[in-house]
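J.: Show me the folded form of this:
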Amino acid sequence: MNIAVIGGGIAGLVAAWQLSRRQAVTLFERHAVPGFVASSVALDGALSGLRIDVPLRVFYPGYYPMLTRLYAELGVATEPVDYATTFSDGDGRTYFRWRNARMGGWSLPYVLPQDVASARGRRIVKGALHFQARTRAALAAGDLGGASSGEFVAAERIAPEFVDGLLLPAVATIGTCSTDDARAYPAAVIAGYAAAGVARQSVRRARDGADAVAAKLLAGITRVQCNAGVVAVWSRRCTAASARQAGAGRVVVQHATGEDVFDHVVFATQANQALSLLADAAPDETAALAAFRYRALEVLMHRDAALMPDRRADWSPVNARVCAEHEQPESTIWINRVQPGLRDAAPLFQTVMPQRSPRDGSILGHARFERPLVDAGSEAALAALQRLHEQPGRSVWWCGSYAETGVPLLESAVRSALAVAARVESCAAQSLARPEAA
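T.: Down below sits the predicted model:
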C-alpha cells in the first residue's frame, strides 16, 4: 500500500518506520529536519558538535516499556541520569529537596535531616507517605474510578503542604501544564505513573540524544519529505488532477509542491492540527479531535544562574520554583548534571515554563510547543478516537502523545504509533485476502 504519515515527531517517525517494513511510506514534515529534533540546540566553541535536546527527553523503563523496547531494537544506547529535585518559593528560598542514591538501574530517593528541618518539610514527607499508601491501596482495590487528583487528595485528607508544595508542582512539571490542570488530572493516571517504578528505577536518557534516535528511525523509512508544507487532506473525494492518476488511491494530500494520492494517511500531529488539515472531516471526527485541549509551553536554553535556587548548595539536577503569582511552576534543569559530557563545562540550563526572563545575552535557544491536557474530557475523547479507529473501511488515522491513555509523553506517542501501524497493516492483510486482489 501507498501510505502517508504527516508529522515527523517521535510518533510520526515510529509509525513511518514500522509501516515502511512492508509498505511504501512517505513521511511529510513541515520543518527542515524532523520535528523530533527540530528545536535541539547545537553548542559551539570547545563544545562544538554537542547538541542539547529541547525539551530534554528522559524516561524510566517501568512507565516507558514500549520506548525501552524500541530503543533496544534500534540499538540506541542509554545511560542513567540523576533527576533529584529542589523545590523553592518565589523568593528563591528552598523549602524541600529530595536526592537520589543510584545503583545501576535502580534509584532510591531520600532526604537528609536538613531537607526536613522545617515543619513544612516534615509535613511534606508525611503527606508523601500518606499519598503513596492510599494510592497503592486504591489501585489494588480498583477504587479510583473517575476521580481527579484534586478530588482524591481532598477525600483522603492528604496534607496540603505535600499537595501544593510537591505533588501538584511535580505533576505540572511532568505534564508541562498549570497547577489547576494538574489538579484535574485523573487520579488513576497519577497513581499509575507513581506505581510504575519512578521511585525505584533510575531515570535514563538516550546517550547520544534525540538526534541519534531520529537518525536510526529515518534510515528505515521509505521516503522523507521535509519542508513539506501540507495544506489539506481530502479523505472522501479526489481533485480532478488526482482522479486522472492511474490507480489513484483514496486519500489526497495537498502540499507545497503539488498533491499525491494515498491508500491511507496517518496524522502524527496534534489533534487540533489534524483537524485543521482534514478538509472534509466527518462530524464524529470533528467532535473527537476538537475535544482534545492543549496548553502552550515555552522552553529556554540559557546560561543565567539567577533562575536557579539562591544558594548554590541547593542546586539539584531539576529545580522547581513554585509561587502563587504564577499558574505554572517554573522548572530549571541543570544540564551539566543530566548530560555527563557537559559535567566539567560552564553551567548550562534549560528552563521549562519560565516565570522570569534570563539576562540579556545568556539565551542559547528558545522554543514554543503545545502539550495535550489530561482530564475527564480527554478520557472521553480517547474513547471516541478509539471508536473512529474501529470503523470498517477507515483510511485516515491519528497517533501522538495525546492518543493513548496516561501522561502524554514519549511512551504514549510510541504506543499510539505502533497501534495505528498495526491497524493499517491489518487493512493491508484484509485487502490482500479479498478474491479481487488476486
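J.: And the strands in the stretch 51-200 of the chain, which stretches?
T.: Ranges of strands in the stretch 51-200 of the chain, per DSSP state E, counting those that start in this stretch, are 51-52, 78-81, 85-88, 94-103, 106-110.
J.: wait, which of those strands is closest to S416?
T.: Closest of the strands of the stretch 51-200 of the chain to S416 is strand 78-81, at 21.7 Å (criterion: CB to CB). Glycine gets a C-beta too; all of them are placed from N, C-alpha and C.
J.: What sits closest to A38 if chain neighbours are left out?
T.: The shortest distance from A38 to any non-neighbouring residue, by CB to CB, 6 or more residues apart in numbering, is to H31 (4.2 Å).
J.: F369 now?
T.: L297 (4.5 Å).
J.: And A101, by the same measure?
T.: L108 (4.5 Å).
J.: so how far is S378 from that neighbour?
T.: Remark: distance between L108 and S378 (CB to CB, to the nearest Å) = 33 Å.
J.: Who has more neighbours out of those two?
T.: Neighbours per residue, other CB atoms under 10 Å: of L108 and S378, the larger number sits with S378, 23 against 12.
J.: hang on, the earlier thing: and the residue nearest to F369, how many neighbours?
T.: Counted with other CB under 10 Å, L297 comes out at 16.
J.: Which of the three states applies to it?
T.: Secondary structure, DSSP: H, G, I helix; E, B strand; the rest coil: L297 is strand.
J.: hang on, isn't it packed against P372?
T.: No - taking CB atoms under 8 Å as the definition, L297 is not a contact partner of P372, at 10.5 Å.
J.: Spell out which helix or strand contains the residue nearest to E404 when sequence neighbours are not counted, please.
T.: Closest residue to E404 apart from its sequence neighbours, by CB to CB, 6+ apart: S412 at 3.9 Å. Using DSSP states H and E, S412 maps to helix 410-433.
J.: same for that helix, what does it pack against?
T.: Other helices and strands packing on helix 410-433, by 3 or more CB pairs under 8 Å, 6 or more residues apart in numbering; DSSP states H and E, are helix 10-19, helix 65-74, strand 264-267, strand 396-398.
J.: Would you reformat the ones you listed as a markdown table and include distance to V163, mean pLDDT and mean neighbour count?
T.: A markdown table is the format used below for the helices and strands packed on helix 410-433 (distance: least, CB to CB, whole Å; pLDDT from 0 to 100; neighbours: other CB atoms under 10 Å):
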| stretch | distance to V163 | mean pLDDT | mean neighbour count |
| --- | --- | --- | --- |
| helix 10-19 | 32 | 98 | 29 |
| helix 65-74 | 29 | 97 | 17 |
| strand 264-267 | 37 | 97 | 28 |
| strand 396-398 | 34 | 98 | 26 |
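J.: Let me know which of those is the nearest to E330.
T.: Nearest of the helices and strands packed on helix 410-433 (CB to CB): helix 10-19, 25.2 Å.
J.: and that closest one, what does it pack onto?
T.: strand 2-6, strand 24-28, helix 209-218, strand 264-267, helix 410-433.
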